[in-house]
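**Student:** pasted the sequence and its predicted model underneath.
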There are 2 protein chains.
Amino acid sequence: MAKEKKLVEAITSMNDDFAQWYTDVVKKAELCDYSCVKGCMVIKPYGYAIWENIQAELDRRFKATGVQNVAMPLFIPESLLQKESDHVEGFAPEAAWVTMGGSNPLTEKLCVRPTSETLFCDFYSRDIHSYRDLPRLYNQWCSVVRWEKETRPFLRTREFLWQEGHTAHATAQEAEERTEMMLNLYADFCEEYLAIPVVRGRKTDKEKFAGAEATYTIEALMHDGKALQSGTSHNFGDGFAKAFDVTFTDKDNTIKNVFQTSWGMTTRIIGALIMVHGDDSGLVLPPAIAPTQVMVIPIAAHKPGVLDKAYEMKAELAKKFRAAIDDSDKGPGFKFAEAEMRGIPVRIECGPKDLEANQAVIVRRDTREKIVVSLDELSAKVEEVLALMQKEMLERAKQHREEHTYTALTYDEFVDTIANKPGFVKAMWCGEQACEDKIKEETTATSRCMPFAQETLSDTCVCCGKKAKAMVYWGKAY
Amino acid sequence: MAKEKKLVEAITSMNDDFAQWYTDVVKKAELCDYSCVKGCMVIKPYGYAIWENIQAELDRRFKATGVQNVAMPLFIPESLLQKESDHVEGFAPEAAWVTMGGSNPLTEKLCVRPTSETLFCDFYSRDIHSYRDLPRLYNQWCSVVRWEKETRPFLRTREFLWQEGHTAHATAQEAEERTEMMLNLYADFCEEYLAIPVVRGRKTDKEKFAGAEATYTIEALMHDGKALQSGTSHNFGDGFAKAFDVTFTDKDNTIKNVFQTSWGMTTRIIGALIMVHGDDSGLVLPPAIAPTQVMVIPIAAHKPGVLDKAYEMKAELAKKFRAAIDDSDKGPGFKFAEAEMRGIPVRIECGPKDLEANQAVIVRRDTREKIVVSLDELSAKVEEVLALMQKEMLERAKQHREEHTYTALTYDEFVDTIANKPGFVKAMWCGEQACEDKIKEETTATSRCMPFAQETLSDTCVCCGKKAKAMVYWGKAY
């Protein structure tokens, strides 16, 4: 059992040191690794397989709303980046610049895209002529670069993978509808597919995207009580269109600016998967997203018939599920620990005695419940267990969030809650950035969002006591 | 009919000016567009949809051989790029360099990856320990950057999309087998899926990949008689492993270097699709790759019942094919021309008289054959026509290649053929680079490959008359 112990012992307990636990899981579950480029990661096969499943499902949902994929250049000329003043202010400080092509200095330096609003605007300015060309509903899957100082795998890296959707519309209302549609698409995806409950809301002006009129966000609560911004959707109004001269001839034969949106979700969401569902044995993956949903583990595989039966079960299960078999020469305990570390939703244990009784044992990763099942009903039972697990993981995460969402009516209460109770704090706000700044400085908490589901907790701002304009979710964030 | 004429007239005939015809098709079929970044293109929805189909099918074939996807960083530190001397010599002259991160100069400049052998080697040097870790069969889908001076859409751009596979093996033989397996995978994909016949062979040392022991290639012949390198597979032996110290402990407990391969296919193949199959009406897409396989075009759509029936046909066809309907308010002639420009394999014409007779007309894009079919047999007939078209497109391309493949036994004959007969020229070669250099200088033709299917045309080199070592396919190339 020495090997088994070693695998398990190597993980820090999440209650002892959550940050170290996170790093351990990322490493031991073989999701990603450090690279020779500071702040950039290598996404390993298992991490990338999760990303591929996220991509496939998001892409399917995008396309169902009429979105088409395209590819824009990797580079943005400096002069193009500068066309919208808020935008360049937001992104220039963390831009990576190409200044040499071959052995020659470039006449104009090129920014490695941190986001592609400017490229889409430039393209749309040539591509859109008439109302017949609208809406344009484009998306691209790519990587972007932001020269961050502090980095953590998946959560904050100098390069990360994402999708960025960019749309152009004839009216402000259509753009607003699309902005909300995509936010809700992200939220539904997180809840239905990743079993991550999210708060849907609007960012304050201080926290909104550089150049946007309004930024909507989904905020998830991690196991340690910190918030993670998990997807954003921006309404640009016609601000970018004016800066980039994106116009169209409308039905009434007048020339108008288009109204635009953009929206994105990144590999950061894999960080959320780890920190919402994981435990001290490693990753716990919701069945819908798991690259392997069922792992068959033969016990005493050298005994006659065991391995054959295990292969047979695997083949049967593979008709309905993403199933695999661990037929390596490692011991069963090691195999169990490895399957747990990788968060595989269910494992099937099957040894000589089970075979005699025509049964196997299903073990759920999240609850560790063991279910003895007749081999005749294996596939049906696995289906039932996976569906139940998907549902209960979301419920558990919701319950955790509810237990860690607090209300503060006074500033003392607010400061005390932030300091002592990890989680979201709901509190009223006057709408002034001065209060956000003060709260951030004194408590390190930031406004996460003004939720669409507003409540009136009191009439006054929790910070300055003036008339309240909105209820805000506050929290410490990744 | 003014509009219809305009669409068709705008294309240059391929016999008048093949290069301009190519540019016209790329533009009019809305595959891609120029961007504000010199030498970089925007891939538009229709072009990207073709790429997505290529990706899906290649990815499926890769995974069937055990390949796993990963993501490596976008950047290569200068010192890492320099570790293998042939490799850096090959790629440094066209590298793009990041020298600034935020407002600070970097201590070491970073190359935007032109290819990722160095990054994979660096990763493998930490990731591979034992023979149990081998083989490693990794691939990534991404874009790469090469600072080309002359660019053309899809064929040669400063940034292009591709996949790059990088494998590590315990033995030289396994690496060689993988190199050949992937070349054959590319060749089969081109023939079965893109209806592009290819010559499979080995590059001469002059033409091989920087740092490779052997480069295998598939070479396709375009309609104008020029060759296009369409996919390559490289065997590195243990050269990179020695330069990057990629080692493993073998079964016999000794430490050895791994043997490596890499292989890639790019968006360039879309250029081949255009230039192998296209005609003076635009693109012609093989059914297997076409984003839309069947376009239903109602005639006299204002007449009662026509549009309803067309929707019904579309819904029925969509069960088996990628089907669409053109229900826009354009005239039928314009719709035909547009569907032809986009290379949609078959269109279904259906007007009031057809409905009365319970029939429709299937029109093949490649032959323009019109097939009247009973509505009851529409789906079955479309299936038959698409299968036949896929088969005949490959046969036609093969025939074109055979008609444009020549043999030269003397140097005069060689020079004359290259100058006057666009196509491949088969000729014997002594193995010396001096002859390749002379031929290139005097005829602009290059050695495309030494085909696996060797023939002995004569005993002497077509250029110097010395003893011949191999038969080579020569040609002018894109």
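**Tutor:** The structure has been received and is ready for your questions. Residues are numbered from 1 along each chain as shown, chains lettered A, B, ... in the order given.
**Student:** helices of the stretch 51-200 of chain A, start to end?
**Tutor:** Assigned by DSSP state H, counting those that start in this stretch, the stretch 51-200 of chain A shows helices spanning A:78-81, A:85-91, A:117-127, A:172-193.
**Student:** now mean neighbour count, distance to chain B and mean pLDDT too, for the ones you listed, in TSV please.
**Tutor:** All C-beta spots, glycine's among them, are computed from the backbone N, C-alpha and C. Compiled in TSV, the helices of the stretch 51-200 of chain A are given as follows (neighbours: other CB atoms under 10 Å in any protein chain shown; distance: least, CB to the nearest CB, whole Å; pLDDT from 0 to 100):
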stretch	mean neighbour count	distance to chain B	mean pLDDT
helix A:78-81	17	6	95
helix A:85-91	17	10	89
helix A:117-127	23	5	97
helix A:172-193	20	17	98
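**Student:** looking at the ones you listed, spot the one closest to residue B:373.
**Tutor:** Residue B:373 lies closest, by CB to CB, to one member of those: helix A:117-127, at 38.2 Å.
**Student:** against which helices or strands is that closest one packed?
**Tutor:** Judged by 3 or more CB pairs under 8 Å, 6 or more residues apart in numbering or on different chains; DSSP states H and E, helix A:117-127 is in contact with helix A:78-81, strand A:136-145, strand A:159-169, helix A:239-244, strand A:259-266, strand B:32-34.
**Student:** off-centre distance for stretch A:120-140?
**Tutor:** 28 Å (CA atoms, centre = their mean, to the nearest Å).
**Student:** hmm, I typed the wrong one, I wanted stretch A:168-188.
**Tutor:** 19 Å.
**Student:** show me which helix or strand of chain A is least confident by mean pLDDT.
**Tutor:** helix A:2-9 (a mean of 49; mean pLDDT, DSSP states H and E).
**Student:** point me to the residue of the stretch 201-350 of chain A nearest chain B.
**Tutor:** Nearest to chain B in the stretch 201-350 of chain A, going by CB to the nearest CB, is residue A:267, at a distance of 8.5 Å.
**Student:** quick check: that residue vs residue A:222, distance?
**Tutor:** 16 Å (CB to CB, to the nearest Å).
**Student:** equivalent analysis for residue A:380, please.
**Tutor:** The gap separating residue A:380 from residue A:222 is 35 Å, by CB to CB.
**Student:** comparing those two, which residue is more hemmed in?
**Tutor:** residue A:222 (27 against 11; other CB atoms under 10 Å in any protein chain shown).
**Student:** what's that one in contact with, if anything?
**Tutor:** Residue A:222 is in contact with A:228, A:272, A:275, A:276, A:478, counting by CB atoms under 8 Å, 6 or more residues apart in numbering or on different chains.
**Student:** show only the entries of the residues you listed found in helices.
**Tutor:** Counting by DSSP state H, those place A:272, A:275, A:276 in helices.
**Student:** reformat these as TSV; add neighbour count, pLDDT and distance to residue A:41.
**Tutor:** Formatted as TSV, these follow (neighbours: other CB atoms under 10 Å in any protein chain shown; pLDDT from 0 to 100; distance: CB to CB, whole Å):
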residue	neighbour count	pLDDT	distance to residue A:41
A:272	23	98	16
A:275	24	98	17
A:276	26	98	20
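**Student:** what about stretch A:319-326 and chain B, any contact?
**Tutor:** No: for stretch A:319-326, no contact with chain B is found by CB under 8 Å from any CB of the partner chain; the gap never falls below 12.5 Å.
**Student:** next: stretch A:42-49.
**Tutor:** Yes: Stretch A:42-49 comes into contact with chain B (CB under 8 Å from any CB), by way of A:42, A:43, A:44, A:45, A:48, A:49.
**Student:** so what's the residue count around the first one?
**Tutor:** Residue crowding around residue A:42 was assessed by other CB under 10 Å; the count is 25.
**Student:** any idea what sits nearest the spatially most central residue of chain A, other than its immediate chain neighbours?
**Tutor:** Nearest to the mean C-alpha position of chain A, by CA atoms, centre = their mean, lies residue A:269 at 1.9 Å. Spatial nearest neighbour of residue A:269, chain neighbours left out: residue A:230 (5.8 Å); criterion: CB to CB, 6 or more residues apart in numbering or on different chains.
**Student:** next: residue A:428.
**Tutor:** Nearest non-adjacent residue to residue A:428, counting by CB to CB, 6+ apart: residue A:468, 3.7 Å away.
**Student:** what about residue A:204, distance to residue A:447?
**Tutor:** Noted for residue A:204: a distance of 5 Å to residue A:447, by CB to CB.
**Student:** what is in contact with those two at once?
**Tutor:** Contact criterion CB under 8 Å, 6+ apart; residues shared by residue A:204 and residue A:447: A:429, A:436, A:472.
**Student:** pull out the CA atoms of the helix or strand hosting the last one and give them to me as CSV.
**Tutor:** Residue A:472 is part of strand A:470-475, with elements assigned from DSSP states H and E. What follows is strand A:470-475, C-alpha atoms only, in CSV (Å, rounded to 0.1, in the frame of the first residue of the first chain):
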residue,chain,number,x,y,z
ALA,A,470,-28.7,49.3,-5.3
MET,A,471,-28.0,46.1,-3.4
VAL,A,472,-24.5,44.8,-4.2
TYR,A,473,-22.8,41.4,-3.7
TRP,A,474,-19.4,42.1,-2.1
GLY,A,475,-16.6,39.6,-1.6
